[in-house]
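**Student:** okay, sequence plus prediction incoming.
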Amino acid sequence: MPVTFVIRFTVVPAERERFLRLLGDVLDAMRHEPRFHEAILLGDPEDANRFLLHETWDDLDDVVDMQLKRPYREDWHAALPEILVAPREISTWRPLRSDRATEKRQDERHDPEPVGRCAGPRSGFGRDCRLIRNLAQDSLHSRGLGFVSPSLQRTGRGG
């Protein structure tokens, strides 16, 4: 049964580029593993040193018994104590449903770059980004989901 790992990282600011390079090498290698489904790396729009990784595989036992021991992960695992502020937070989830847009023209496909526009006080999008986060938080609360991200907590909207 497929399993998704949700992994949170807070990176030492001076080690950000090293973190991205080493993780990029691991993700590039994982892509070729036969039991790998997908990985999505997300960056916190308010903190350039916080990341969230969603990794989906065929089987939990395979990841624990085989994948974590792959040679391409050695440099990554060895560097973690130096590049992270605190140990990774790892949780596992079972995929229930996955939806994707269909048949979009290439120029209409999702481009992750606009999310970065919300980063930083000089972006010019601060008010719009706060509004979007607040609407998302209100929507989650109205559905009884109660999730409060650290970035929403910083805005005073969490609760």
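**Tutor:** Arrived safely, thanks for sending.
**Student:** now the strands for the protein?
**Tutor:** Under the criterion DSSP state E, the chain contains strands at 3-10, 36-43, 50-57, 89-93.
**Student:** which parts of the first one are buried?
**Tutor:** The one in question is strand 3-10. 3-5, 7-10 (16 or more other C-beta atoms under 10 Å). The C-beta positions use only the backbone N, C-alpha and C, and glycine is treated the same way.
**Student:** before we move on, what about stretch 24-39?
**Tutor:** Counting neighbours by 16+ other C-beta under 10 Å, stretch 24-39 gives 26-27, 30, 33, 36, 39 as buried.
**Student:** contacts for it?
**Tutor:** The set of residues external to stretch 24-39 that reach it, using C-beta atoms under 8 Å, 6 or more residues apart in numbering, is 2, 41, 53-59, 62, 67, 70, 72-73, 75-76.
**Student:** of those, closest to residue 19?
**Tutor:** residue 76 (9.3 Å; C-beta to C-beta).
**Student:** quick one: contacts for that closest one?
**Tutor:** Residues in contact with residue 76, defined by C-beta under 8 Å, 6+ apart, are 22-23, 25-26.
**Student:** re the thing from before, what's the most distant pair in the contacts of stretch 24-39?
**Tutor:** 2 and 75 (27.3 Å).
**Student:** that older thread, how about the buried residues of stretch 24-39 in JSON lines, adding distance to residue 16?
**Tutor:** Compiled in JSON lines, these are given as follows (distance: C-beta to C-beta, whole Å):
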{"residue": "26", "distance to residue 16": "16"}
{"residue": "27", "distance to residue 16": "16"}
{"residue": "30", "distance to residue 16": "21"}
{"residue": "33", "distance to residue 16": "26"}
{"residue": "36", "distance to residue 16": "25"}
{"residue": "39", "distance to residue 16": "19"}
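**Student:** which one of the strands of the chain lies nearest to residue 103?
**Tutor:** strand 36-43 (19.4 Å).
**Student:** which residue, other than its chain neighbours, is closest to residue 54?
**Tutor:** Excluding the flanking residues, the one nearest residue 54 by C-beta to C-beta, 6 or more residues apart in numbering is residue 40, at 4.6 Å.
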